[in-house]
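Novice: need a structure here:
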Amino acid sequence: MQTDIVTLQDTFKIGYEAYIDSRVEAQEILDFFHNRQYTESQLAILKNRGQPAETFNVIKLFGRLILGYYSTVVNTIKVGPTQVNDILTSSLLNDTVDFTMRSNHFETEGDKVKLDGILQGLMCVYIDVEDTDKRDEFGRVIRRVALSHTPAEEIVLDPL
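Specialist: Numbering: from 1, shown residues only. Here you go, the predicted model:
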């Protein structure tokens with residue numbers, strides 16, 4: 001099936017509009033997380049009264065609490081063998097995953113991803129294979145797997 005730009009634009013529009021209520025709610029939670037719950041007029045009234053715009057940020061408190069819990073408990077990916085023949089392959093894949101996460105400093109990037117999941121219910125990581133402009137002893141190009149956090153606001157779910 002051939003996909004043209006018009007079909008992609010329509011699918012994007014449908015996907016964006018289908019989840020607009022969730023996007024509005026997620027934006028509201030993000031505003032609360034960043035202490036942006038007051039409107040400009042409310043801030044002006046508080047300033048005229050001489051009152052500080054103080055808040056007790058429950059969203060940030062619980063968001064960071066859950067993030068800290070996940071950082072200590074759920075922090076590794078384990079590849080397990082399904083058959084006896086897969087033991088060596090799973091060991092190699094575990095080492096590959098560990099190296100990829102470590103070389104991408106995914107402890108900090110992973111916290112951004114987890115926080116998106118906690119606050120907005122949607123998380124995404126962009127994975128790309130990049131050339132390192134190096135070659136091994138056989139002349140093959142050495143590449144690296146690059147992982148980066150993609151903000152949930154930049155994601156549009158497929159409506160289908």
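
Novice: name the nearest residue to residue 104, ignoring sequence neighbours.
Specialist: Using CB to CB, 6 or more residues apart in numbering and skipping residues adjacent in sequence, the residue nearest residue 104 is residue 147, 4.4 Å away. C-betas here are computed from N, CA, C, even on glycine.

Novice: also residue 155?
Specialist: Spatial nearest neighbour of residue 155, excluding adjacent residues (CB to CB, 6+ apart): residue 124 at 5.2 Å.

Novice: I'd assumed residue 157 was in contact with that neighbour.
Specialist: No. When contacts are counted by CB atoms under 8 Å, residue 124 is not listed as touching residue 157 (10.3 Å).

Novice: can you check the pLDDT for the residue nearest to residue 155?
Specialist: Looking at residue 124, its pLDDT stands at 91.

Novice: okay, now it: neighbour count?
Specialist: When neighbours are counted by other CB atoms under 10 Å, residue 124 registers 15.

Novice: state the distance from the residue lying farthest from the centre of the chain to residue 42.
Specialist: Distance to the chain centre peaks in the chain at residue 49, reaching 40.5 Å (criterion: CA atoms, centre = their mean). Residue 49 is 11 Å from residue 42, where distance means CB to CB, to the nearest Å.
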